[in-house]
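1. sequence-free structure coming up:
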C-alpha cells in the first residue's frame, strides 16, 4: 500500500479531508498517524498529535 500524506482541515469534533491520503504527521514527534487512528488535534493550530502525550507537550509549550 502506498503511503500518501493527507491534508486535513481540523474541526471541533471531526476533520475534513482536503487532499486524499492515508496518514498525517504528528506536529510534535514527527510520527505517522493513520487517518483511521487519528484522535488528537488542535483546531486553532491545525495540527495533529500522535497521542495525548504529544498533545500535552504542545499545550505546555504554548503556556510558556
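-> Nice, thanks for sending it over. All values derive from a computational prediction rather than experimental measurement. Numbering: from 1, shown residues only.
2. now do the helices in this protein.
-> Here the chain has its helices, by DSSP state H, at 52-63.
3. gap between the residue nearest the centre of the chain and residue 2?
-> For the chain, residue 48 is the residue whose C-alpha lies nearest the centre (C-alpha atoms, centre = their mean; 1.5 Å). Going from residue 48 to residue 2 by C-beta to C-beta, to the nearest Å gives 20 Å. For the C-beta atoms, the positions are set from N, CA and C on the backbone; glycine is no exception.
4. need the pLDDT of the residue nearest to the centre of the chain.
-> Per-residue confidence (pLDDT) for residue 48: 98.
5. pretty sure residue 52 sits against residue 40.
-> Yes. With the criterion set as C-beta atoms under 8 Å, residue 52 and residue 40 qualify as a contacting pair; they are 6.2 Å apart.
6. settle it for me: which of these two has more neighbours?
-> Between residue 52 and residue 40, counted using other C-beta atoms under 10 Å, the more crowded position is residue 40 (17 against 11).
7. partners of the more buried one in the sheet?
-> Note on residue 40: beta-bridge partners residue 49, judged by DSSP bridges.
8. pLDDT score assigned to it?
-> Among the per-residue scores, residue 40 holds a pLDDT of 98.
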